[in-house]
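Asker: give me a model of this one.
(chains A, B and C, ligands or ions: 4)
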Amino acid sequence: MWEYTDKVMEFFYNPRNQGTITEKKEGEKIVTGEVGSIACGDALRLHLKVDEATQIILDARFQTFGCASAIASSSALTELLKGKTVDEALKLTNREIAEYLGGLPEEKMHCSVMGQEALEAAVFSYKGIPLATHEEEEGALICKCFGVTDTKIRRIII
Amino acid sequence: MRDCIYLDNNATTQVSEEVLEAMLPYLTQYYGNPSSMHSFGGQVGKAVKTAREQIASLLGAEASEIVFTSCGTEGDNAAIRAALAAQPDKRHIITTAVEHAAVLNLCKLLEKQGYSVTYLSVDSQGLIDLDELEAAITGNTALVSVMYANNETGVIFPIERIGSIAKERGAIFHVDAVQAVGKVPLDMKTSTIDLLTLSGHKIHAPKGIGALYVRRGTIFRPLLIGGHQERGRRAGTENVPGIVALGKAAELAESHLINVGLEQQLRDYLEQTILAIIPDTAVNGHPLQRLPNTSNIGFKYIEGEAILLSLDQHGICASSGSACTSGSLEPSHVLRSMGLPYSVLHGSIRFSLSRYTTQAEIDRVLEILPTIIDRLRALSPFNSD
Amino acid sequence: MRDCIYLDNNATTQVSEEVLEAMLPYLTQYYGNPSSMHSFGGQVGKAVKTAREQIASLLGAEASEIVFTSCGTEGDNAAIRAALAAQPDKRHIITTAVEHAAVLNLCKLLEKQGYSVTYLSVDSQGLIDLDELEAAITGNTALVSVMYANNETGVIFPIERIGSIAKERGAIFHVDAVQAVGKVPLDMKTSTIDLLTLSGHKIHAPKGIGALYVRRGTIFRPLLIGGHQERGRRAGTENVPGIVALGKAAELAESHLINVGLEQQLRDYLEQTILAIIPDTAVNGHPLQRLPNTSNIGFKYIEGEAILLSLDQHGICASSGSACTSGSLEPSHVLRSMGLPYSVLHGSIRFSLSRYTTQAEIDRVLEILPTIIDRLRALSPFNSD
Ligand SMILES: Cc1ncc(COP(=O)(O)O)c(C=O)c1O
Ligand SMILES: Cc1ncc(COP(=O)(O)O)c(C=O)c1O
Ligand code: FES
Ligand code: FES
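Answerer: Ligands and ions are numbered 1, 2, ... in the order given. Coordinates of the predicted model:
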């Protein structure tokens, strides 16, 4: 059995910011970033509401199909994002997500990577930048779940 | 530890009170070595003999055909290695794609060592096709190793028909009956089985003891080499308390066989109610050709670990896949072999009952489960609406 | 069963009360599978972790270097097979002529399978000659497997000097320490040992559990193939009660080490008195380089089994040779290797004490033994007078 921290379990049992964002005011933009698929057993859809004037993330919500740490990581990510500008958000690493939760088991670090990837997708979509597909990454696919390559994992975790 | 509703009996079972009582004297005053040359050890030897007879009785075998092992995995490994060692010229093995890791991973290793292995496929209900077996078996087939019942789905294979085909072609027939023993009646006297594995902790004996049935006349080479214990078929000082416990557990299992119908009624009630009150659910595995205590249910659009931890929060123990692969992140090889859609593959949970499971416990599960599934589905991006 | 004076602790030991107490909860309420995905199993996993640390502490090792097994024989078999599998090109093994059957019989089998094996000889005191080892070892030597202390005589081999020679030539060094653990201090941190076997039932844990020390960095191939338990080094559901018991036994053994001197005093008292009051007796094995609890004494002109049964009649348990060969009629291979005369070979008895042996028990043995020996000698045609 995995050794999850109490905070992981708390965020799994009582996740913050689940769901979608539908309401927005003038000058606000709603974007979505998505990674994973039902085939691989993990998927995350991240919704952001951004104030176009200040670039500040006003609201962040998630929908996750995945294990307990994937759900907790997604929820933690949304907490971390609120109040940041999109550029500040881009600097967020999966390690910070894991740390926010008091750590994740080594084998479950990739669950937090998924959060970082969804964030990247959402921000790129906000900026209108096309997202490089995972298949173009160098290195062998080690986690078929959401297209993380080993070079990418090394970059992300270390 | 708080009390728990334990529906993970295919992973391991509680030691029954009678079993503990039977073994305790051998953990205290009767600690002699049964191989010793004094009456203190000799008395212990008699207890081992009784246990051997109790197990033989459950299997419809003779006491001399029972070899004690330390677990099901050792039994499977010993049986397969012995069958191959007995026929060094034959280099082909037939097994199925849904065996337990103790058989499957050994077969994969043997492939690297020059054996060719046929893994019989299963259909969407978890059943094999006997024609595929007929087509695969040759005079070069040393061993057919097939599980009696699957640990994840409970699906039961047509053992005697498989055995007849194996025997016709002169192959040794090994059956991993770890999940079947105590749940279905077995009779080695009228069976085609040459070697049969069982494990104590699946039938209310403690962990650390198992047995292998070796049909009289089968050439047998021991896996563990050393002293002359078990008539040269398994070296190492006998686990006397474990052996006595296994004997008692076998006796209890035998007398419980007539009540297995009650366990099945409870299983059916759990299963039918879940299917009725929770949408997008389905049973994995053949609905009838199945162990009476096992229910493997797919909950679409959500992930198994999340369900398990939520159940755990309410003191309910169940599992996804087998315990020894639950550390891995891969979906179950059994469900994958059945070709189940991904939406089901990742969200399947095994409930496995025992004779100690009560109606009240099942009712409590049925009360809690819908809320859990609802909550997780609400989190899921694949939720249909 | 009547009470017995148990001087057969090298065969097996009583489970100490603290050990039984520690394991009982895992035979009752904590029955979960440590690999399971629920907290019920998870709590059990923590107990396994603690036990691993307790054993590591006794050996001066790291917890990750401990692999649980079902007995000493499994440990020996697993270690030897793993060492050979790690170096498939090397085909030579060095061991001694006085190893336990778990090593000796496996080596004999390996000889049939194309390995060449050197069995180092021992002198009349049971000691090996390091020059013989130096002469035998080559770059083709995969494994040096030597017991720490002999189970029949208690003779201790110069393990670190043997290990240095093994390491110099790049051989893996395995030590069967089944009899040494708990009786002599061990420290893997400063040792040359790569693989070390221990068995629970020799240190007041129950039968059915053992452990193997695997030095970090040693390539290891499991003997039992299957699930991912023990980090892939030993498949099979963990024997949790046994593991917890072994952990506790290791803890107790560690704290007992400073009192081993008392056990030795009692042994010396027994031995010296026998030599003083019974004529034609001698100690087998080096008088000093020996386990503190073991005394192997030759009684000339009479036969061991007759002595044992007479002792048994008075409720005294001892043994001749090792328990697992006592079913055979051959005189001990250990004493034969030492070149003892036939008159001694057949009439040798091993007394092996434990920390639970009392002065009163030894006194009682000393009271009874002379009469027994006298009576049997009076029956013997070889009696000198
Ligand atoms: C030196 C030695 N090695 C190995 C063993 C085998 O241990 P087990 O009986 O636990 O298999 C024994 C005891 O029987 C022994 O004394
Ligand atoms: C079908 C089957 N075979 C073998 C085993 C292995 O038994 P054990 O865990 O006792 O080694 C198990 C259980 O884990 C099983 O379910
Ligand atoms: S997201 Fe957690 S295991 Fe895949
Ligand atoms: S006379 Fe009985 S064993 Fe030899």
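Asker: what is the mean pLDDT for stretch B:356-372?
Answerer: On average, the pLDDT along stretch B:356-372 is 97.
Asker: now it: buried residues?
Answerer: Buried residues in stretch B:356-372, counted by 16 or more other C-beta atoms under 10 Å in any protein chain shown: B:T357, B:E361, B:I362, B:V365, B:L366, B:I368, B:L369, B:I372. No exception for glycine: its C-beta is placed from N, CA and C like everyone else's.
Asker: okay if I get the residues you listed as JSON lines plus secondary structure?
Answerer: Shown next, in JSON lines, are the buried residues of stretch B:356-372 (DSSP: H, G, I helix; E, B strand; the rest coil):
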{"residue": "B:T357", "secondary structure": "coil"}
{"residue": "B:E361", "secondary structure": "helix"}
{"residue": "B:I362", "secondary structure": "helix"}
{"residue": "B:V365", "secondary structure": "helix"}
{"residue": "B:L366", "secondary structure": "helix"}
{"residue": "B:I368", "secondary structure": "helix"}
{"residue": "B:L369", "secondary structure": "helix"}
{"residue": "B:I372", "secondary structure": "helix"}
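Asker: now, among those residues, which is nearest to chain A?
Answerer: B:I372 (10.5 Å; C-beta to the nearest C-beta).
Asker: which residues does that closest one contact?
Answerer: B:I372 is in contact with B:I307, B:S310, B:L311, B:H314, counting by C-beta atoms under 8 Å, 6 or more residues apart in numbering or on different chains.
Asker: narrow the residues you listed to just the buried residues.
Answerer: Buried positions within those, assessed by neighbour count (16+ other C-beta under 10 Å), are B:I307, B:S310, B:L311.
Asker: if we check chain C, which of the residues you listed are in contact?
Answerer: B:L311 (C-beta under 8 Å from any C-beta of the partner chain).
Asker: give me the pLDDT for the nearest residue to B:Y148 once chain neighbours are set aside.
Answerer: Among residues not flanking B:Y148 along the chain, B:A180 sits closest, at 3.6 Å (C-beta to C-beta, 6 or more residues apart in numbering or on different chains). Confidence at B:A180, expressed as pLDDT, is 98.
Asker: show me which residues of chain B sit near chain A.
Answerer: So far as C-beta under 8 Å from any C-beta goes, chain B lies against chain A at B:301-303, B:305-306, B:309-310, B:313, B:326-327, B:329, B:331, B:342-343, B:345-346, B:378-383.
Asker: just the buried residues from those residues, in PyMOL please.
Answerer: Selecting only the buried entries of these in PyMOL, with 16+ other C-beta under 10 Å as the criterion:
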select buried, chain B and resi 301+302+303+305+306+309+310+326+327+329+331+343+345+346+379+380+381
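Asker: now, the residues of chain B next to chain A that are in helices?
Answerer: In this view, these that belong to helices under DSSP state H are B:E305, B:A306, B:L309, B:S310, B:Q313, B:Y342, B:S343, B:L345, B:A378, B:L379.
Asker: just those: which has the poorest pLDDT?
Answerer: Lowest pLDDT among those: B:S343, 79.
Asker: OK, contacts around that one?
Answerer: B:S343 makes contacts with A:I38, B:K300, B:Y301, B:F382, as judged by C-beta under 8 Å, 6+ apart.
Asker: one step back: list just the nearest of the contacts of B:I372 to A:A89.
Answerer: Proximity of the contacts of B:I372 to A:A89 was ranked by C-beta to C-beta; the top entry is B:S310 with 30.0 Å.
Asker: my guess is that closest one contacts B:R375. True?
Answerer: Yes: using C-beta atoms under 8 Å, B:S310 makes contact with B:R375 at a distance of 7.3 Å.
Asker: what about the residue nearest to B:Y148, distance to B:L186?
Answerer: 7 Å (C-beta to C-beta, to the nearest Å).
Asker: output the below-cut-off pLDDT ranges for the chain.
Answerer: Picked chain A for this. A:1, A:131-158 (pLDDT under 70).
Asker: was after chain B, sorry
Answerer: For chain B, the ranges with pLDDT under 70 are B:1-2, B:321-329, B:383-385.
Asker: change it to 90
Answerer: Within chain B, the segments meeting pLDDT under 90 span B:1-4, B:32-43, B:228, B:301, B:303-305, B:320-332, B:341-346, B:380-385.
Asker: closest residue of it to ligand 1?
Answerer: Going by C-beta to the nearest ligand atom, ligand 1 is nearest to B:T237 of chain B, at 3.2 Å.
Asker: just to be sure, that residue is in a helix?
Answerer: No: the assignment for B:T237 (three-state DSSP) gives coil, which keeps it out of a helix.
Asker: any part of stretch B:204-220 near ligand 1?
Answerer: No: figure legend: stretch B:204-220 not in contact with ligand 1 (C-beta under 6 Å from any ligand atom); closest approach 12.7 Å.
Asker: now the residue of chain B closest to ligand 1: how far from C:I209?
Answerer: Counting by C-beta to C-beta, the gap between B:T237 and C:I209 amounts to 11 Å.
Asker: again, but for B:D129
Answerer: With distances taken as C-beta to C-beta, B:D129 is found 43 Å from C:I209.
Asker: higher neighbour count, these two?
Answerer: C:I209 (31 against 12; other C-beta atoms under 10 Å in any protein chain shown).
Asker: excluding its backbone neighbours, what's nearest that one?
Answerer: According to C-beta to C-beta, 6+ apart, the nearest residue to C:I209 is C:G242 (3.2 Å).
Asker: where's the one you found, which helix or strand?
Answerer: helix C:240-256 (DSSP states H and E).
Asker: in that helix, what counts as buried?
Answerer: C:240-254, C:256.
Asker: do stretch B:335-348 as well
Answerer: So, applying 16+ other C-beta under 10 Å, buried residues of stretch B:335-348: B:L335, B:S337, B:M338, B:L340, B:S343, B:V344, B:L345, B:H346, B:G347, B:S348.
Asker: now the helices for the stretch 1-150 of chain B?
Answerer: Assigned by DSSP state H, counting those that start in this stretch, the helices in the stretch 1-150 of chain B fall at B:17-27, B:39-59, B:72-86, B:101-112, B:130-136.
Asker: could you pull out the strands in the stretch 251-385 of chain B for me?
Answerer: In the stretch 251-385 of chain B, the strands defined using DSSP state E, counting those that start in this stretch lie at B:281-283, B:294-299, B:316-317, B:348-352.
Asker: which one of these lies nearest to B:G60?
Answerer: Per C-beta to C-beta, nearest to B:G60 of the strands of the stretch 251-385 of chain B: strand B:294-299, 23.3 Å.
Asker: which residues sit against that closest one?
Answerer: Residues from elsewhere that reach strand B:294-299 (C-beta under 8 Å, 6+ apart): B:10, B:149, B:152-154, B:179, B:267, B:270-271, B:274-275, B:278, B:280-285, B:307, B:335, B:340, B:344-345, B:347-353, B:373.
Asker: what's the burial count for B:T28?
Answerer: Using other C-beta under 10 Å, B:T28 is surrounded by 13 other residues.
Asker: list phi and psi for it.
Answerer: Backbone torsions of B:T28, given as degrees, to the nearest 10, read phi -120, psi -100.
Asker: go ahead and flag the most central residue of chain A.
Answerer: The residue lying closest to the centre of chain A (C-alpha atoms, centre = their mean) is A:G115, at 1.8 Å.
Asker: from C:Q265, how far out is the residue nearest to that one when sequence neighbours are not counted?
Answerer: Of all residues not flanking A:G115 in the chain, A:L77 sits nearest, at 4.0 Å (C-beta to C-beta, 6+ apart). Using C-beta to C-beta, we find A:L77 at a distance of 68 Å from C:Q265.
Asker: quick one: which of those two has more around it?
Answerer: Taking neighbours as other C-beta under 10 Å, A:L77 and C:Q265 compare with A:L77 leading, 27 against 12.
Asker: what is the helix or strand harbouring the more buried one packed up against?
Answerer: Secondary structure assignment for A:L77, by DSSP H and E: helix A:68-81. Packing partners of helix A:68-81 (3 or more C-beta pairs under 8 Å, 6 or more residues apart in numbering or on different chains; DSSP states H and E): helix A:6-13, strand A:42-51, strand A:57-65, helix A:94-100, helix A:109-127, helix B:304-313.
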